[in-house]
Structures are given as structure tokens and as C-alpha cells.
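Visitor: Sequence first, then the predicted structure:
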Amino acid sequence: MCQHVIELAGLTKKYGDFTAVDNLNLNIRQGEIFGLLGPNGAGKSTTILMMLGLTEPTSGSVKVCGVNSTTQPIEVKRKVGYLPEDVGFYDDMTGIENLVYTAALNGIPKKEAREKAEQLLARVGLSGQGEKKAGKYSRGMRQRLGLADVLIKNPEVIILDEPTSGIDPAGVREFMELIMQLSREEGLTVLFSSHHLNQVQQVCDRVGLFGGGKLLAEIELTDLHKVEHGLDNIYNQYFGGGKGV
Amino acid sequence: MNKLSNTNHPFWVIVNKEIADCVRSWRFIILIFIIALTCMGSLYTALTNIAASIKPNDPDGSFLFLKLFTVSDGTLPSFVVFISFLGPLLGISLGFDAINSEQNKGTLSRILSQPIHRDYLINAKFVAALIVIGAMLFVLGFLVMGFGLIAIGIPPTAEEFMRIIFFLVVSLFYVAFWLNLSIFFSIRFKQAATSALACIAIWLFFSVFYNMIINLVGKALSPAGMASEYQIISYQRFMLNLLRFAPSELFNEATMTLLMPSVRSLGPLTMEQVHGAIPSPLPLGQSLLVVWPQLTGLIAATVICFALSYVSFMRKEVRSR
């Protein structure tokens, strides 16, 4: 297996005169939880879209597991699960049906998909809610369903883009614990994008500080950092005052 | 090796889902109700007037069955007119929110992050809508034939049957044109309401205002009273060609020729050309030959719309919500 699961080299994305992502170099290792931390509009989501081949970089290259995302997005999307910010489901289908549909798009046979969907729903804490229409789900439940939806295709990497926005604090804590658990148990590589400093600090092994489309700093989060809130200082140094937004 | 039969190709998975969505949606139920009702109405007028429509020496007289689709007494339009009027509505209503509703629900980025080609989604949406429309048109066509068969008791000849099939296929192309146009707008405009309005505006333009504009142009350009025969004919041809920019005109010409075998030409004919011609119906092959340009035009317009939507969709950046 490749040592670096995600490799970004000289990645740049311009919208007209505006540079959303500026000459980004980043490597993410197998099995780690990597945090992309930065304020809104720092270019986190754009970077993620380029990793999935959902938008083309202006220059530079993205490789996920050694596969170029821009030229072979299908191969990449087979290995990567992506949970967008405020994920949407088909409201008139039940939670299970939504999951089975995703599984079918990944070529998983129907019977197997159904069993797997039931298991995953239990896993993300939605057991017994599978037969409910997705339109009736609360925001937090939708986000959990989104996580199940990401996991149903057995990904090697999962990318979570602001997955906790709009969930209450207790829900966030559970969600974060779930992510940590999954990463440890299944050996998944997780890319976690957020503007919440404390959430990133809670779960990540390594953090990339993002601002204005640039990677400002790459920090190994040792336990020391977690205890002494060392990241706070670094964050403040770059973005001044406040604990994120 | 049971795996292949158990797992469907992702493309057909999407088609399946889209068809299911469409058939269960309220808008489809409403549409099918309106269209079924109008077809029954047109069948009723056709059946009550079919006896009066048979005249001695009528070159179409031997094609009684086709009259089921075209005869009307003026109070209610015929089946053909209904299809040319309601077909666009059907196409627009099935396509106007194809992509933007997925975007607004936040499902687009989720679906496109699955290992499928991006064009699967748009192709599948098109194919699904086309299958639904095709099934509906053929069911209606066959229903009219069936009821007509029971009522008048004269079975259609093989040629009449083939003509009706071709008519239904042409209708399908016509509706497909509007479907593609509305899918294109659904990619262009973020709001479903905007794209629906844009489609309806184009439909209204071609069905109401276009003729008026052509008439104005026609008055301005009309040759003087002293004009030669040649000038008048070229003027007529020019006006007809202007009219043919409207897809509904292409559709009307194509269906009329297919359903009225006595139609020999769609342009102006001089006396010399008509002189000596026996007023007899054309065989099917010749009728098809007459409408071939119209058919090609209709298919070309459909393909252009599809290409436009394809290109703009492939280059679109897909953000969540």
C-alpha cells in the first residue's frame, strides 16, 4: 500500500482573479486523522472538491492512493467516501432505501446492501429509524445517516467537510467519538475539515492550518498539545483572537 | 458468476430510481389525468364525426382508421392537435427540475461522489423520462386505436398501423426536444421555478408570438401585385422556411403527412407540377420521404439541446447546496 494516501502537489485553483487555493503541498499518511483547520472561505472545501475530481484544479496535481483525481475520478471515488457539509437525501425515500441506493451505485448486490445498511444504521446510532422517510430526519440524524452512507461502500479514506455544523454540542461529541472509533477500528484514513478548533484538537493526529488558500502550518498534535491547548496559541498567532468561529 | 445478474449497472440503477420517482410523483399523475381526459375527448369527437368526414372521391377515404387521430368538428381539437399542444408541457414538466432540485436538496454532490461517471446522471435522467413518455404515448395511441376499433368495427390495415406507429415515434421525438430543453435550463438556472418559467416562455413564444412575428415580417416583405409567379413562389417558400424554425411547425407537418396519405408536398406547388397528378394517396415510404427533412430537423434540435446540457453539466462545479 502507498504510504501517503493523499498527495497534493502545487495545487492551485483560481476563480477569475480570485485564488481560492494557492500552491498547496500536503501529504496525508495512511491511517491518520488529519484536520483541515481554517476560517470560512479559506479554501478547505475547494481543496476537497479537487481531491474528488468534482472540480478541476487550475494547476498542480492531486493523488489519492496514487491515483490522479482529475483524470481518473472514478477510481478515486471508489476508494473515498465523502460527507459534504449539510448532506442531502431523497426525502421521499426511507433512510435504508437511501443507503441501498448508494450501495447499488457502488455495485453492491441488493441483499448484501440491505444487511449492511441495517448494520451501519445501528453503528451510527440510528437503529430502528431505518424505515422512516429521510425527509422526517432531524439535522443530526441526517448527518449520522450521511456517515452510514459514506461507510457503506467500504472506503479506504473518508473526507468529512464540516460534518458537525448545525448539530448540538452533545450530538457533536457523540459524532466525534464515532469518527475516532471508526478510524481506529477499521484503520480508515480520515480527512476532517472544520473551523472549530476544539473539535479538531479533540480527534486529530495532525492538523493543517489553512488561511487564504495557503497551508500556513502543519502541526503534529501530541498529547502534550491536547493538554496544554498549545494549538490555541498557534491558531491565535495566525488568525488572531477567538477560538475559531 | 451470479454477481453480474444480481448487481445492475449503476446507469440502470439511476434510471430505475428516476422512473420510480417520476411515476410516483403528483405532477405525473396530474399530467396523465389531463392527457388521458383530452384524448378521450378527442376520440369522442372523432367517433361522432367520422361518418360525416367520409366524402366521395376523397383520396384519404381508404384510410378511415387514420381519421380517428385527425378528424374534428371544430369544437374539440383532434388527437394530433392535443399532442402537439400538450406534448411540450409533458416534456417540460418532466425535465425542468432535473438537476437543480438535486442541487438544492444537496443530493447532487453526494451522488456524484459515488464511483459513477458524471454523465450517467444526466443521461439516466433523460432516458428515464423518455421511457416514461414513450410508454405513455404508446399506451394512449393504442388505447385510441383500441376504442376506435371497437366503435367503428373496421380494423386498421398494416399500412395504417405502421403510419400510426411512426406518428407516435415522431411525437416522442417532439416531446424529447422539449424535455432536453428543460433539462438544459435546469442545469443553467439554480431555481426550479426560473427554469420552468424559461421553458414555458419559449413554448409560448413559439406557439403564440412566433406566428405573429412571422406575419409581420411577411407583410413587410410581400411582393407587389405585379410580381411574377416565380417571385410569389419564392416568397411563399421563404415564409414557410421561417415558420419551420418553430419545432411545433415541424411536428405538425410531419404528423399531417404521416396521417393524411394524400399530402404530397409540404411546400407550394405550381399548376404545372400538379397538372396531370392523380389525387391518390402516397405509399408510406413516399410519405416518410416527404417528411424526412422535418424529422431530421426535429432530431437535430433535440440533439443540439442535449449536447448543450451535456457540455454545461460536465463542466459544472458541484458544490454541496
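Guide: Right, received. Where do you want to start? Since the structure is predicted, the reported quantities are computational estimates derived from the model, not experimental observations. Residues are numbered from 1 along each chain as shown, chains lettered A, B, ... in the order given.

Visitor: Quick check: chain neighbours aside, which residue is closest to the residue in chain A positioned nearest to chain B?
Guide: Nearest residue of chain A to chain B, counting by C-beta to the nearest C-beta: A:G88, 2.4 Å away. For glycine as for every other residue, the C-beta is placed from the backbone atoms N, C-alpha and C. Once flanking residues are discounted, A:G88 sits nearest to B:G106: 2.4 Å by C-beta to C-beta, 6 or more residues apart in numbering or on different chains.

Visitor: Same check on A:S127?
Guide: In space, A:S127 is closest to A:L121, 5.7 Å off (C-beta to C-beta, 6+ apart).

Visitor: Just list the residues touching the residue nearest to A:G88, thanks.
Guide: With contact taken as C-beta atoms under 8 Å, 6 or more residues apart in numbering or on different chains, B:G106 is in contact with A:84, A:86-88, B:320-321.

Visitor: before we move on, the earlier item: in three-state terms, label the residue nearest to A:S127 for me.
Guide: helix (DSSP: H, G, I helix; E, B strand; the rest coil).

Visitor: Now tell me what touches stretch B:40-49 from outside.
Guide: With C-beta under 8 Å, 6+ apart, stretch B:40-49 has contacts from B:67-73, B:75-79, B:81-82, B:144, B:147-148, B:151-152.

Visitor: Stretch B:178-197 now?
Guide: With contact meaning C-beta under 8 Å, 6+ apart, stretch B:178-197 is reached by B:87-88, B:90-101, B:103-104, B:122, B:125-126, B:129-130, B:133, B:198-199, B:202-203, B:247, B:302, B:305-306, B:308-309, B:312-313, B:316.

Visitor: Stretch A:69-81 too?
Guide: In contact with stretch A:69-81 (C-beta under 8 Å, 6+ apart) are residues A:50-54, A:56-57, A:61-65, A:67-68, A:106, A:149-151, A:153, A:155-159, B:113-117.

Visitor: same deal with stretch A:108-126?
Guide: Stretch A:108-126 is contacted by residues A:95-96, A:99-100, A:103-104, A:127, A:129-130, A:141, A:144-145, A:147-148, A:151-153, A:174, A:178, B:3, B:6-7 when judged by C-beta under 8 Å, 6+ apart.

Visitor: repeat that for 6 Å
Guide: The contact list for stretch A:108-126, computed with C-beta atoms under 6 Å, 6 or more residues apart in numbering or on different chains, reads A:96, A:99-100, A:103, A:127, A:130, A:144, A:147-148, A:151-152, B:6-7.

Visitor: Need the residue closest to the centroid of chain A.
Guide: A:L160 (1.5 Å; C-alpha atoms, centre = their mean).

Visitor: helix/strand/coil for that one?
Guide: Applying three-state DSSP: A:L160 is strand.

Visitor: And for the one 3 residues further on?
Guide: Under the three-state scheme (three-state DSSP), A:P163 adopts coil.

Visitor: do the same with B:I116
Guide: Per three-state DSSP, B:I116 ends up coil.

Visitor: What does the spatially closest residue to it that is not a sequence neighbour show for phi and psi?
Guide: Distances taken as C-beta to C-beta, 6+ apart put B:P10 closest to B:I116, at 4.8 Å, once the chain neighbours are dropped. In terms of degrees, to the nearest 10, the main-chain angles of B:P10 are phi -50, psi -30.
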